[in-house]
Every structure is written in structure tokens, then in C-alpha cells.
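Chemist: any chance you can model this:
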Amino acid sequence: MEQTNLESDISQYEDITKIKKLYNRISNTNLFLNQYTLPDIEEAKPKLIEYFRKKDPYITAGHIQSFVDETARRLTCDLFGDMNNTQMIGVGNLIQDSRTLNPDDFKKLHRLINIDSTYRKNLWGSDETYDSTVSTNMTIKLNDTLDNVISLEMTSVSIPYTFYSIDSTYGNNYFYIEDTSSSEIVKIEIDGANYTISSLISAIQDVIDIQYEDILTISVDSLSYKTTITNVSDDITYNFIFYDHEDGISESKVNNNLGWILGFRQPTFDDNGNDVSIEYSIGPSDSIISESICFIPHTKYFIVTIEDNNKEQTNKGLVQIGDDVTFIKQTQYFKNSVIQGRETCLDDSNIQTFIDTNANPVNNLYNNLVTVGTNVIGDTLTETLTTATTSTLAGNDSTAEIEQVITNTANDALDTFTANETTQLIGGVVTNLQRVSALRNSVTENLTKNQIYSSLQIKKSKTKNVAINQNNINTNTISDVFAVIPFEDKSLTWGQTTFTSDKNRFKRNYTKPVNIDKLTVKLLDDRGNIVNLNGTEWSFSMMSTHLYER
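Modeler: Reported below is the predicted structural model:
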């Protein structure tokens, strides 16, 4: 007869609280009376087996295993709800049958899915070299097809605290220094690491000293936490380039670079406002102080994306701040003016010349008349017309007065030219007169300097906003978002502990049942970068809900 004792008698544990207390006592923890996860249960099971094996050697291994399995099942049921089997976990009434069949003939069942990057096939990169980010960007094939799935729900996640805040894969571990005396540009690049502010400044100074020892220094004020860079040189100006849109490193952004972390955040635009950079010039025996404090940010949350190759769910499940740029609309007089299309060529240095040339219809008319005279009749008429009209045209503003001058000039020309030549002259003059009259009667070319300046500033502001938006961090392109998991490290030790969470529930519902056998899974930080776990592995578990026909 199989021997048992009361402590391993399952009939003594009808109350789930007793099971939780047993697991707490043997695991030397208080998890099971608070928040626990499936990995916690699995971790405690061997401890229970070892405990009962040592306590009573006469109890069979089969009895101990049966007791541990049953108590673990009850804890799992308490965590997720009632479940009647281990493969398909739980059966209940289906609320909605998307196939419009008889709801009395259908129920829903659940299965547990565990995704552990340890078991992925792509241990190396595509060229068979090791890549520390492949574990957080993996395509996996499930060992069993999930049929008639109507929802997926994340139940827990486990991420080792081994990722850096400053890393070459994020494009925030370097900047450039330019020696203006020789135009030499040196890249200041530090290794990826889990920096503190003091170790970060020390690492940057060490790299600077390789090229500029006792010339350039960097420090952080212990009270304000602002960064100061000093040029000790007596005769050379140095440019610090923290971000350049032409750098070619896509991960580096205007608000995601080493200068931004150090607190240097003032943008610089080219003359047309099309390109943005963050650059500072430090003259001899001078220094610069950052606008913001030096702050090394850890990711605020993790983004888990899952592409399951099904179109029965929205790939835009994450709603966040949009990347659209709001602009001031241009006035109607600007849209119709000669400035339209020439905005990028105009600035404070040439705006007055442009106004003098293009905003004076009298000059425009005179130039057109000279052109017509040359093309129609020749230099003789041009010379006559110039002599007769120069002084008069320069002093008239109204179209009527100008028209009268042209008419008188044309009548005088009859004494010199043939009737045919005069007709051609008048035809050309009238054409140009109609054009200028139309322009004068509208406000098209009658813009004041203030109107032109205002329009140009609106255009420049729009161009700058577009430049910033194109060079800014943008996570709106992330699709197939499955979960956004808040991250906190207050109780974690870097490189030694693992971040776990089962407090949040993230669920993906499908519009109709789907089959899933392949997943592409990515783990991203709050900037949309693929997290670099530096060679460690992560995992998460899900519960799938299936349409089940009886």
C-alpha cells in the first residue's frame, strides 16, 4: 500500500490559500500570497519534490509528482481561471461566433504559448557572424499550429537587465570635433556601456585626450548637472558637431545622440532651413554650457511587436502622438505673387534687391517695351521709344498715365515709321500694357516689404518644421504592436537580475478565426530601437483563445 502523510495529502488543500502558503514556505518567498507568475510556479515545483523526498523517504516518487502537479494546476487555475486540461486550457461559452453558426454548438478553449529566445534557430546573423540583437528580432516557427484562434493575450514577460542606454546600435555613442584651422574632423566615439554620469564624462574625456589632450575639456557641474566644454587653446576655434543629417547613421536623430544626452540641444539650420544639425563653435579660451542637464535615460517601456501573417487584426493597434506638422497657411496675395516658388532663394541679404526689382510695375513695363521694340522693329524704334518715354515713365504710377504716354509716343512714331511697323508696335505695347494693368489692379506684385518678409518667414518656419520632423525620432512607423510594457529598474541590479511582469494584460482580438504557425517577434525600446540584450535571452508567455466545435 502506498504510504502518504497529511502534508502531501491533496485532500487537505481544498482551500487555495493553503497551497499558496505551502509554496511560500518551501520556496522561502511571499510571492504566492501576492503576485506570482507561471515561471514562479515552475521554479517552485522542483523545490516541493525535493522537500517531500527528504521529509519522508517512504512516499513514492509517483505520489509526490502527482501532488506537485495537482497543486501547480490549481495555482495556475487561480492565476488564469478554471482550466480542465493542460494542452487546451479551459473551456467556456463563446460570446460571439464570427462564422454565424449555431452558438450552442461552439465553445472556446485556451492554450498556453511560451516563447523563449533561447530556442530560436537564428543564433547568428545572416552572414553567420554573431549579432547580440538577433534574440530580440527573431522569426520563429511554432511546434504546433494554433487553429481557429480568435485572440492572443500576453500573460507574462521576462527580460534580463543587460541592455545599455548608450550603444552603437542606438546611434548615441559619438560626436565629431572639427579643427577650423585645418578643417580636420575627428570622430569622438565611446564604447557602449551601462554608464553613470561621472563614468560617461570620464570616458568621453579619455577619447578627446587622444587627439586634444590639454586643449579641450568636458565636465558636469555637481549642482546644476549641466555640461561644460572648454577650449584651452589660444588661437584655434573648434566646432562640436553632435548631429549632422548627412552623417548616414539612421539610428542617430536630432533628439537621439550623445550631445542630446549631454544636454546640448540648440538646432542649427542651413540658409534655406532645409537641413537641421546640432553644432557649437568654441573660440580660443572660451567655453559652452549645455541648455539642458546631462541625463542618461533608460527606456521607459518595452514595445513587443508580433507579426503573425494574418490580416484579421489591425496593425495600427498603438495610438500615440502623431508626426504631422501644423503650418500657418500662406495668405492669398502670397500665393498669387512672383515670390511663389522663389522662397528658398530669398533671405535678409537679398530681399531688398528682390523687392526693388519685382515689386515695381513701372520698371517692368519699361523693360517689356524695350524688348518688344527690339524684337518687332529693331534698334531704331527702341532708341526712339527710350528717348521719348524714359523720363515720363519713371515719374508715373498709374496705368492710365502710362497708357497715355505710350499712345502719344506711338502717334509720334507714325511720322518716322510705316503704318505696318506702327501697327506692330502698338500691338506689342498693348499686350504688355494689359499685363501690367492687370498686375497693378490686383495686389499680385504690389506687395509691401512687410508682406514679403512675413510670407518668407512663414515659408521658412514650415521648412524648418519639416526638417526637424524628418530628423526626429519617429515611432509611428512601428506596426503589429502587441504590448507596451512599463519598465522600472529600482529593484534591479544591472547585469545580474531579470525584469519580470505579469501585472498587465495585452490582448489581440481577430475579426474571424485564424491559423497561426509562424511569428516574427521584436523587442523595442521607447525610441523604436531593437533592444540589444548583449547576448542574453528573454521570454514571454501568451494565452490563445480558440473557437472549438463540440
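Chemist: list the contacts of Lys187.
Modeler: Lys187 sits next to Tyr174, Phe175, Tyr176 when contact means Cβ atoms under 8 Å, 6 or more residues apart in numbering. In this view, the C-beta of every residue, glycine as well, is placed from N, C-alpha and C.
Chemist: buried ones in the helix or strand it falls within?
Modeler: Element membership for Lys187 (DSSP states H and E) is strand 184-189. Residues of strand 184-189 classed as buried: Val186, Ile188 (neighbour count, 16 or more other Cβ atoms under 10 Å).
Chemist: please begin residue numbering at 19 from this point
Modeler: OK, 19 is where the count begins now, so the last one is strand 202-207.
Chemist: and the next helix or strand after that strand, what does it pack onto?
Modeler: Remark: after strand 202-207, the chain's next helix or strand is helix 215-230, criterion DSSP H and E. The helices and strands touching helix 215-230, judged by 3 or more Cβ pairs under 8 Å, 6 or more residues apart in numbering; DSSP states H and E, are strand 192-197, strand 202-207, strand 234-238.
Chemist: list the buried ones in the next helix or strand after the last one?
Modeler: Following strand 234-238 in sequence order, the next helix or strand is strand 244-249 (DSSP H and E). Buried residues in strand 244-249, counted by 16+ other Cβ under 10 Å: Lys244, Thr245, Thr246, Ile247, Thr248, Asn249.
Chemist: does the last one touch Ile233 like I think?
Modeler: Yes. Because the distance of 7.2 Å satisfies Cβ atoms under 8 Å, Asn249 is recorded as touching Ile233.
Chemist: touching, Leu97 and Leu56? I think so.
Modeler: Yes. Using Cβ under 8 Å, Leu97 makes contact with Leu56 at a distance of 7.2 Å.
Chemist: what angle separates the strand holding Lys205 from strand 192-197?
Modeler: Angle of strand 202-207 versus strand 192-197, following axes from the mean of the first three to the mean of the last three Cα atoms, to 10 degrees, is 160 degrees.
Chemist: alpha carbons of strand 202-207, as CSV, please.
Modeler: The C-alpha atoms that make up strand 202-207 are tabulated as CSV, following Å, rounded to 0.1, in the frame of the first residue of the first chain:
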residue,chain,number,x,y,z
GLU,A,202,40.3,68.2,-39.8
ILE,A,203,37.3,66.4,-38.4
VAL,A,204,37.8,63.8,-35.7
LYS,A,205,35.1,61.3,-34.6
ILE,A,206,34.8,61.0,-30.8
GLU,A,207,33.3,57.6,-30.2
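Chemist: average pLDDT for it?
Modeler: Taken as a whole, strand 202-207 has an average pLDDT of 93.
Chemist: list the strands paired with that strand, with their directions.
Modeler: strand 192-197 (antiparallel) (DSSP bridges).
Chemist: can you pull the contacts of Ser308?
Modeler: Shown in contact with Ser308 (Cβ under 8 Å, 6+ apart): Lys244, Thr245, Thr246, Leu280, Gly281, Phe282, Arg283.
Chemist: torsion angles phi and psi at it?
Modeler: Dihedral pair for Ser308: phi -70, psi 150, per degrees, to the nearest 10.
Chemist: name the nearest residue to it, ignoring sequence neighbours.
Modeler: Leaving aside its sequence neighbours, Ser308 sits nearest to Gly281 (Cβ to Cβ, 6 or more residues apart in numbering; 3.0 Å).
Chemist: shaky segments in the stretch 319-468 of the chain?
Modeler: Within the stretch 319-468 of the chain, the segments meeting pLDDT under 70 span 332-336, 338-468.
Chemist: wait, doesn't Leu40 sit right on Thr89?
Modeler: Yes. Leu40 is within contact range of Thr89, at 7.2 Å (criterion: Cβ under 8 Å).
Chemist: out of those two, which sits in the busier spot?
Modeler: Using other Cβ atoms under 10 Å, the more surrounded residue of Leu40 and Thr89 is Thr89, with 23 against 19.
Chemist: per-residue confidence at the more buried one?
Modeler: 89.
Chemist: check contacts around it.
Modeler: Thr89 makes contacts with Ile28, Tyr31, Ile37, Leu40, Tyr41, Leu66, as judged by Cβ under 8 Å, 6+ apart.
Chemist: verify the assumption that it is located in a helix.
Modeler: Yes. Thr89 sits within a helix when classified using DSSP: H, G, I helix; E, B strand; the rest coil.
Chemist: ok, now how distant is it from Asn155?
Modeler: 38 Å (Cβ to Cβ, to the nearest Å).
Chemist: cool, and Ile496?
Modeler: Counting by Cβ to Cβ, the separation of Ile496 from Asn155 is 13 Å.
Chemist: does anything pack onto the helix or strand harbouring Thr163? Which helices or strands?
Modeler: Per DSSP H and E, Thr163 falls inside strand 155-178. Packing partners of strand 155-178 (3+ Cβ pairs under 8 Å, 6+ apart): helix 56-73, strand 124-134, strand 319-325, strand 499-504, strand 516-519, strand 524-542, strand 557-567.
Chemist: test my guess that Lys536 contacts Asp162.
Modeler: No. Under the criterion of Cβ under 8 Å, Lys536 is not in contact with Asp162, lying 12.0 Å apart.
Chemist: between the two, which one's more packed in?
Modeler: It is Lys536, of Lys536 and Asp162, that has more neighbours when counted by other Cβ under 10 Å, with 12 against 9.
Chemist: compute the number of surrounding residues for the closest residue to the more buried one other than its chain neighbours.
Modeler: Nearest residue to Lys536, sequence neighbours excluded (Cβ to Cβ, 6+ apart): Lys159, at 5.2 Å. Using other Cβ under 10 Å, Lys159 is surrounded by 9 other residues.
Chemist: correct me if wrong: Lys159 contacts Val539.
Modeler: No. Contact criterion Cβ under 8 Å: Lys159 and Val539 do not qualify, at 11.8 Å.
Chemist: restricted to buried residues, select the contacts of Thr89 in ChimeraX.
Modeler: In ChimeraX syntax, the buried subset of those is picked out as below (16+ other Cβ under 10 Å):
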select :31,37,40,41,66
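Chemist: mind checking which of the contacts of Thr89 are in helices?
Modeler: Mapping the contacts of Thr89 onto helices (DSSP state H) picks out Ile37, Leu40, Tyr41, Leu66.
Chemist: wait, the last one touches Asn42, no?
Modeler: Spelled out, that is Leu66. No. Leu66 is not in contact with Asn42 according to Cβ under 8 Å; the separation is 11.5 Å.
Chemist: I'd assumed Ser153 was in contact with Ser135.
Modeler: Yes. Between Ser135 and Ser153 there is a contact under Cβ under 8 Å: 4.1 Å.
Chemist: which of the two has more neighbours?
Modeler: Between Ser135 and Ser153, counted using other Cβ under 10 Å, Ser153 has the larger neighbour count: 26 against 21.
Chemist: Provide the secondary structure category for that one.
Modeler: State at Ser153, reduced to three classes by three-state DSSP: helix.
Chemist: got the contact list for it?
Modeler: The contact partners of Ser153, by Cβ under 8 Å, 6+ apart, come to Ser135, Arg138, Leu551, Gly553, Thr554, Glu555, Trp556.
Chemist: doesn't the third one belong to a helix?
Modeler: It refers to Leu551. No. Going by three-state DSSP, the assignment for Leu551 is coil, not a helix.
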